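A.B. asks: what follows is a predicted protein model with its sequence.
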Amino acid sequence: MQRVLVRLFSDQREPGRIQASGLGALTAQYFLNLDHVVEILAATDVLDDDGPAALEGLMAAKVTDLARVILSGGVRAASAEPQLAG
């Protein structure tokens, strides 16, 4: 954990906040949990949470699935087709 934090602060050219969107690759490189790093940076008030909210990603996936069902004729269209015994 210390290596990641040291690297984050040393890579910063200008004093300021560290963007959350750039943390994923670095934490994966050191096999660390991204949530722990984000929690530490948020507690020290240097985190700029510029990433999309988790709910936004979930809602986008649900809307995409719903659109796919509607465009294919809906749930009833698939069940209304007769099933032939094989």
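C.D. replies: It's in.

A.B. asks: quickly list the domain ranges of this protein.
C.D. replies: With domains defined by automatic domain parsing, the chain comprises 2-48, 52-86.

A.B. asks: most packed of those?
C.D. replies: Mean neighbours per residue, mean count of other CB atoms under 10 Å, is largest over the domains of the chain for domain 2-48, with a mean of 13. From N, CA and C alone the C-beta is placed, and that goes for glycine too.

A.B. asks: that one: how far from the chain's middle?
C.D. replies: Here domain 2-48 is found 16 Å from its chain centre; the criterion is CA atoms, centre = their mean, to the nearest Å.

A.B. asks: state the mean pLDDT of that domain.
C.D. replies: Mean pLDDT, domain 2-48: 83.

A.B. asks: check stretch 69-86 too.
C.D. replies: The pLDDT scores in stretch 69-86 average 66.

A.B. asks: distance of Ala67 from Val4?
C.D. replies: 39 Å (CB to CB, to the nearest Å).

A.B. asks: try Gln29
C.D. replies: Counting by CB to CB, the gap from Gln29 to Val4 is 8 Å.

A.B. asks: and Leu66, by the same measure?
C.D. replies: 39 Å.
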